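[1] Make a model of this:
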Amino acid sequence: MPADNALSHLDARRRLKEIIKEKSLQRDKEYVLASGKSSNYYFNMKRTTFDPEGLSLICPIVYDLVSQERGTYVGGLAHGAIPIVSALVTFSATRNPIMGFYVREEIKDHGTQQLIEGFIEDGANVIILDDVTTLGSSVMKAVRAVRDRKCRVVKVITIVDRLEGAAETFSREGLEFVPIFTTKDFD
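    Below you'll find the model as predicted:
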């Protein structure tokens, strides 16, 4: 996209926030979260990460946070990370290319029988991506998987932090945590 047509970083964040609020934030009933907690609101981020405009706004924001780390792979747990990682890898192709991966929930009993799919090297620096973070338990599955490969987790980036304990979880693990938004941004 030519520079004169590109949104400023601030405008992109503002528009992304509008899209998340309009398409992904649901407040119509009581929800059970992946953490097992109950909540009167839910961020269905697939409605943003599979939306062309939403994902096109996420990419440059996340790329700015990721591209500063040379030789780093990006990935995360399959369900939240795949659309973001795939788009980010494509976005980076004409810039400083970034290699991506995802971590399965469990190893399949056929095919390559790998827990991690895509591109990652043992001992590499990695950045873990997520769409919504509550306690950080799901992200920690991805962290453990890459640490098992002797990788160093440089940081964890999430689109929305629900402010329900993820920062504390990552702090205990010595992980830098970078939320693009928090639930306070949607009050």
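[2] Now for this structure, the helix or strand with the poorest mean pLDDT.
    strand 116-118 (a mean of 76; mean pLDDT, DSSP states H and E).
[3] Name the next helix or strand following that strand along the chain.
    strand 125-133 (DSSP states H and E).
[4] tell me which strands and helices that following strand is in contact with?
    If contacts are counted by 3 or more Cβ pairs under 8 Å, 6 or more residues apart in numbering; DSSP states H and E, strand 125-133 sits against helix 46-49, helix 52-66, strand 72-77, helix 78-92, helix 137-147, strand 152-161. For every residue, glycine as well, the C-beta is placed using N, CA and C.
[5] Excluding chain neighbours, give the residue nearest to Pro83 in space.
    Thr49 (4.2 Å; Cβ to Cβ, 6 or more residues apart in numbering).
[6] so the one you found sits right up against Ser56, yeah?
    No: using Cβ atoms under 8 Å, Thr49 is not in contact with Ser56; the gap is 10.8 Å.
[7] More neighbours: those two, which one.
    Ranked by neighbour count (other Cβ atoms under 10 Å), Thr49 and Ser56 place Thr49 first, with 21 against 16.
[8] can you pull the contacts of the more buried one?
    Thr49 makes contact with 55, 58, 83-84, 87, 131, 159, according to Cβ atoms under 8 Å, 6 or more residues apart in numbering.
[9] measure the residue nearest to Pro83 to Ser24 for me?
    9 Å (Cβ to Cβ, to the nearest Å).
[10] for Ile84, same thing?
    Computed as Cβ to Cβ, the Ile84 to Ser24 distance reads 13 Å.
[11] ok, these two, which is more surrounded?
    Neighbour totals were compared for Ile84 and Ser24, and Ile84 leads with 27 against 22 (other Cβ under 10 Å).
[12] In space, what's closest to the more buried one - neighbours in sequence excluded?
    Leu129 is the one closest to Ile84 (Cβ to Cβ, 6+ apart), at 5.2 Å.
[13] State the number of residues packed around the one you found.
    Per other Cβ under 10 Å, the neighbour tally for Leu129 reads 29.
[14] residues near Thr133, how many?
    So Thr133, with other Cβ under 10 Å, has 30 neighbours.
[15] That one reaches Leu163, doesn't it?
    No: contact between Thr133 and Leu163 fails when scored by Cβ under 8 Å: they sit 9.2 Å apart.
[16] follow-up on the earlier one: how about the contacts of Thr49 in TSV, adding distance to Met140?
    Formatted as TSV, the contacts of Thr49 follow (distance: Cβ to Cβ, whole Å):
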residue	distance to Met140
Leu55	25
Ile58	22
Pro83	21
Ile84	18
Ala87	24
Asp131	15
Ile159	18
